[in-house]
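Asker: no sequence for this one, just the structure:
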């Protein structure tokens, strides 16, 4: 392997330490801790694991967590009502709806029930608009974590060719907007892109976020390119063919230990930001 690993665990620890200091200062001066409400629908084991991790990170960082578990048969209307109630609660600073939700839920309708000033996961249309137009608001956590990781490794973005493989509303599309705001030249690709290899071969920065194991082949990578693998598939496999890509890239994120830890760290940092906004 010739590429340098981008250590998301180490960078997330730095951000969490900074967030803990900010949370303690807020609690001391405002008389309450920042509060993150997590909402989970159903009994998917992986989702329960993720929520438990976030609750534990909240405790370690000095953030109050309010966990709301709803049964699998919860309707969209019931979920929307819960999210609107949390949005109206002055003691709640941030709201996280664990996704994916069960198939019968209109996830977009549920996301849009979250007040923009409490959307610390960056999933609403208002948050996407803020990312696209450079206005105030919260960034989607995984894209924001990717940008923090690129900054930590001093990756130049201005004028560079960035290829984003994936077009989801909470990862692919917003990371492209954040890269564009840094003056990168952004190309969106996806699983149906014709001659995907040719697009990736020209990229200085590749962000793989399509949710297909090893879709991005190592021999497609431009020598010296920066490769960010935001995929996570069964067996700890990312969206990039790691070993072959690492032989050509200059910087690469591992799976796990790259992008994932940054996501939770950004979520908690933005929760403290929201708390300061609410006072």
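Answerer: Received the coordinates, thanks. Please read these numbers as outputs of a predicted model, since none were measured by experiment.
Asker: list phi and psi for the nearest residue to residue 189 once chain neighbours are set aside.
Answerer: Distances taken as Cβ to Cβ, 6 or more residues apart in numbering place residue 165 nearest to residue 189, at 4.9 Å, with adjacent residues excluded. Using the backbone N, CA and C atoms, a C-beta is placed for each residue, glycine as well. Main-chain dihedrals, residue 165, degrees, to the nearest 10: phi -100, psi 100.
Asker: what sits against residue 165?
Answerer: Residues in contact with residue 165 (Cβ atoms under 8 Å, 6 or more residues apart in numbering) are 172, 189-190, 193, 196, 200, 206-210, 215-216, 239.
Asker: which stretches of the stretch 101-250 of the chain form strands?
Answerer: For the stretch 101-250 of the chain, applying DSSP state E, counting those that start in this stretch gives strands covering 161-165, 185-189, 205-208, 226-229.
Asker: residue 23: which of these is closest?
Answerer: strand 226-229 (28.0 Å; Cβ to Cβ).
Asker: what's the average pLDDT for the closest one?
Answerer: Strand 226-229 shows a mean pLDDT of 98.
Asker: now swap in stretch 271-279 and tell me
Answerer: pLDDT averaged over stretch 271-279 gives 95.
Asker: now it, how far from the centre of its chain.
Answerer: 19 Å (Cα atoms, centre = their mean, to the nearest Å).
Asker: now the helices for the stretch 51-200 of the chain?
Answerer: Assigned by DSSP state H, counting those that start in this stretch, the stretch 51-200 of the chain shows helices spanning 76-88, 107-112, 125-133, 141-152, 172-181, 196-201.
Asker: may I see the buried residues of the fifth one?
Answerer: For helix 172-181, the neighbour count (16 or more other Cβ atoms under 10 Å) marks 172, 173, 174, 175, 176, 177, 178, 179, 180 as buried.
Asker: is it true that the third one touches residue 137?
Answerer: No: counting by Cβ atoms under 8 Å, residue 137 is not a contact partner of residue 174; they are 11.1 Å apart.
Asker: hey, what's in contact with both of the two?
Answerer: 122, 131.
Asker: how close does residue 65 get to residue 256?
Answerer: 23 Å (Cβ to Cβ, to the nearest Å).
Asker: more neighbours: the two, which one.
Answerer: It is residue 65, of residue 65 and residue 256, that has more neighbours when counted by other Cβ atoms under 10 Å, with 22 against 13.
Asker: what score does the more buried one have for pLDDT?
Answerer: On the pLDDT scale, residue 65 gets 97.
Asker: helix or strand with the lowest mean pLDDT in this structure?
Answerer: Here the helix or strand of the chain ranked lowest by mean pLDDT, DSSP states H and E is helix 45-61, holding a mean of 93.
Asker: quick one: that one to chain centroid distance?
Answerer: Taking Cα atoms, centre = their mean, one finds the center of helix 45-61 at 15 Å from the center of the full chain.
Asker: low-scoring stretches of the protein, by residue?
Answerer: Counting by pLDDT under 70, the ranges of the chain that qualify are 1.
Asker: who touches the least confident helix or strand of the chain?
Answerer: Taking Cβ under 8 Å, 6+ apart as the rule, helix 45-61 contacts 16, 19-20, 23, 36, 38, 40, 64-65, 67, 96, 98, 100, 264, 267-268.
Asker: among those, the buried ones, what's the PyMOL command?
Answerer: Under the burial definition 16+ other Cβ under 10 Å, those of the contacts of helix 45-61 that qualify are selected in PyMOL by:
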select buried, resi 16+19+20+23+36+38+40+64+65+96+98+264+267+268
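Asker: max pairwise distance over the contacts of helix 45-61: which two?
Answerer: Most distant of the contacts of helix 45-61, by Cβ to Cβ, are 20 and 100, 29.8 Å apart.
Asker: which helix runs longest in the chain?
Answerer: helix 8-30 (DSSP state H).
Asker: re the thing from before, now the helices of the stretch 51-200 of the chain as TSV including distance to residue 224?
Answerer: Converted to TSV, the helices of the stretch 51-200 of the chain look like this (distance: least, Cβ to Cβ, whole Å):
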stretch	distance to residue 224
helix 76-88	45
helix 107-112	38
helix 125-133	28
helix 141-152	15
helix 172-181	18
helix 196-201	12
